[in-house]
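**Student:** I would like the atomic coordinates for the input below:
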Amino acid sequence: MEINLKMSNAHEHQPTRITGLQWAAIGLGAIAMGSLIYVSLMHDGEHRETHGVNDAAPTMWAVLPFVGILLTIATFPLIPATAHWWENNRNRLMVSLCFAGITLAYYWLVYHAGKVVTVLEHSMIEEYVPFIVLLFSLYVISGGICLSGDLAAHPVTNTAFLGVGAVIASFVGTTGASMLLIRPLLQTNAERKHVKHTVIFFIFLVSNIGGCLLPIGDPPLFLGYLKGVPFLWTFHLWKEWAVLCGVLLVVYYIWDTMAYRHETKPDIVRDETQIRRLTLDGKPNLLMLLGVVLAVALVKPGEPFLGTSFHAFPFMRELVMLGLVALSLKFTAPSVRQANKFNYAAILEVAALFIGIFIAMQPPLEILRASGDDIGKVLDKPWKFFWITGGLSSFLDNAPTYLVFFQIANSMTHQAGDGIFQLLDGNYIRQDLLVAISLGAVFMGANTYIGNGPNFMVKSIAEQSGVKMPSFFGYMAYSIGILVPLFVVVTLLFM
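**Tutor:** Model prediction:
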């Protein structure tokens, strides 16, 4: 299959000329960069004299690009003047690189060119490349698996769909599970009129909460794995996962049973008679997904491979995953991906935005590392980490949010002891804090459409299928009413 890497949505062609709005964005970026540079130069002189250029943490002004890119992601899709413009991945990439450029300019002027190289090496090579290769591999390989059919949309059938999705999300990723199941679920419910709540619970369970048992389940946990958390440690979260998934499935079943009673008789007759059994095409891709899981778990650069004398070389893990992607593209019939309406727009959106996010978040991470002890005096309880990490993950992407609070917890822990967990990289972190951060980032990414990557993707697919989804704040009414009380229960039981 040919990969079209054009940076635009598949259903729409955008002109390549720079529009007035684009010039405005470029101008605002230039003004922001100039202001940041001016303020930094004015305020950093004393900072340098006291600590030295190489040792000083960035000032709070350096956090502005990170805040700016996250606010842009949160607000541009909601503003009528920018919503359509923001749909183009080329424009997303332009904004992302603008904020990244501001951050790198700060490092160049306040520190030196070597610092810029260090920041790029850390943000791009050590974090971004492994992160995006994993997502890309899961996205493309799962796109070669087509589960199709039309079952009778009884409440027990829909509940089974959500339950299966919540289980497999940890093993094929929330992105993979969402891609695999959302279309057959919508097809099964095509004859029903009350479907919106089903998609909302799908986002809760399959696109978010279900993915907390393995690092490949959700991007924040994979970043933790890259930071030294053992691959199987996340299975410690099975109790919280089981309680929350179990309660949500029960709530959904009751809700859908009541909704089913409000369907019209002709719709129920059509639903009962227009049935096609489920069929699964692209089965070899299941083995390739297993290969991705094994690559993440077993291939660790610099460490012995499978107990042999051979040491995995840098990016060997990523090369293995990309090789599995190549096999998927080579041996999967094009008709399977066509049946899935597969395209690269969603993963290109993630790739474009996270270039800027991973670079712009370096100053706040450095500040947090330098002030971890002071912050730890305030964030002294696991439940505080759970709610603050989760609250920010609701509106800011949960992957960088996880990384920020992981760093805080790491900086608070200096030596081994009771309840102290040693990471694979030799650093220490309190296990109760690691549990709280992991659960907050994964669970509360479901609170809004922008909390986790698959959320908007599922919403878009549902709307293309004719389901009228709630607005941004309408969706939050569901999450606040359903999820927040359950998060309180999780806090009382496990924190």
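**Student:** C-alpha only now, for contacts and for neighbours.
**Tutor:** Will do.
**Student:** which residues of the stretch 201-350 of the chain score low on pLDDT?
**Tutor:** The model of the stretch 201-350 of the chain has no residue with pLDDT under 70.
**Student:** swap the cut-off to 80 and go again
**Tutor:** Within the stretch 201-350 of the chain, the stretches with pLDDT under 80 are 226, 271, 274-276, 278, 297, 300-309, 311, 340-341, 345-346, 350.
**Student:** What segments of it are helices?
**Tutor:** Secondary structure of the stretch 201-350 of the chain by DSSP state H, counting those that start in this stretch: the helices cover 219-226, 238-261, 265-273, 284-298, 316-331, 334-339, 345-360.
**Student:** all strands of this structure, in order?
**Tutor:** For the chain, applying DSSP state E gives strands covering 146-150, 276-281, 420-422, 428-430.
**Student:** Which among those is found nearest to residue 453?
**Tutor:** Of all those, strand 146-150 sits nearest to residue 453, with 20.7 Å by CA to CA.
**Student:** what mean pLDDT does the closest one have?
**Tutor:** Here strand 146-150 scores 78 as its mean pLDDT.
**Student:** and it, how far out from the chain's middle?
**Tutor:** How far strand 146-150 lies from its chain's middle: 26 Å, per CA atoms, centre = their mean, to the nearest Å.
**Student:** One more: stretch 108-123?
**Tutor:** Worked out by CA atoms, centre = their mean, stretch 108-123 lies 26 Å from the chain centre.
**Student:** And the lengthiest helix in the chain, what's buried?
**Tutor:** The residue-count maximum for a helix in the chain (DSSP state H) belongs to helix 155-188. Buried residues in helix 155-188, counted by 16 or more other CA atoms under 10 Å: 155, 157-159, 161-188.
**Student:** Check stretch 332-341 too.
**Tutor:** 332, 336-337, 339-340.
**Student:** Put together JSON lines for the residues you listed, with distance to residue 97 on each row.
**Tutor:** Converted to JSON lines, these look like this (distance: CA to CA, whole Å):
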{"residue": "332", "distance to residue 97": "35"}
{"residue": "336", "distance to residue 97": "35"}
{"residue": "337", "distance to residue 97": "31"}
{"residue": "339", "distance to residue 97": "34"}
{"residue": "340", "distance to residue 97": "31"}
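**Student:** Closest one to residue 474 out of those, please.
**Tutor:** Distance ranking of the buried residues of stretch 332-341 against residue 474, using CA to CA, places residue 340 first at 28.3 Å.
**Student:** Setting aside sequence neighbours, what's the nearest residue to the closest one?
**Tutor:** residue 146 (6.1 Å; CA to CA, 6 or more residues apart in numbering).
**Student:** which ones are touching the one you found?
**Tutor:** Applying CA atoms under 8 Å, 6 or more residues apart in numbering to residue 146 gives the contacts 180, 279-282, 336-337, 339-340.
**Student:** who's it bridged to?
**Tutor:** Residues in a beta bridge with residue 146, per DSSP bridges, are residue 281.
**Student:** can you tell me how far it sits from residue 78?
**Tutor:** From residue 146 over to residue 78 the distance is 32 Å, taken as CA to CA, to the nearest Å.
**Student:** before we move on, back to that, could you give me the average pLDDT of the longest helix of the chain?
**Tutor:** Helix 155-188 shows a mean pLDDT of 90.
**Student:** Let me see the contact set for residue 193.
**Tutor:** residue 263.
**Student:** at 10 Å what do you get?
**Tutor:** If you count contacts by CA atoms under 10 Å, 6 or more residues apart in numbering, residue 193 has them with 259-260, 262-264, 267-268, 466-468.
**Student:** Make a markdown table out of these and add distance to residue 92 and neighbour count.
**Tutor:** Formatted as a markdown table, these follow (distance: CA to CA, whole Å; neighbours: other CA atoms under 10 Å):
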| residue | distance to residue 92 | neighbour count |
| --- | --- | --- |
| 259 | 39 | 16 |
| 260 | 41 | 18 |
| 262 | 42 | 12 |
| 263 | 41 | 14 |
| 264 | 43 | 11 |
| 267 | 42 | 14 |
| 268 | 43 | 19 |
| 466 | 27 | 12 |
| 467 | 26 | 18 |
| 468 | 26 | 14 |
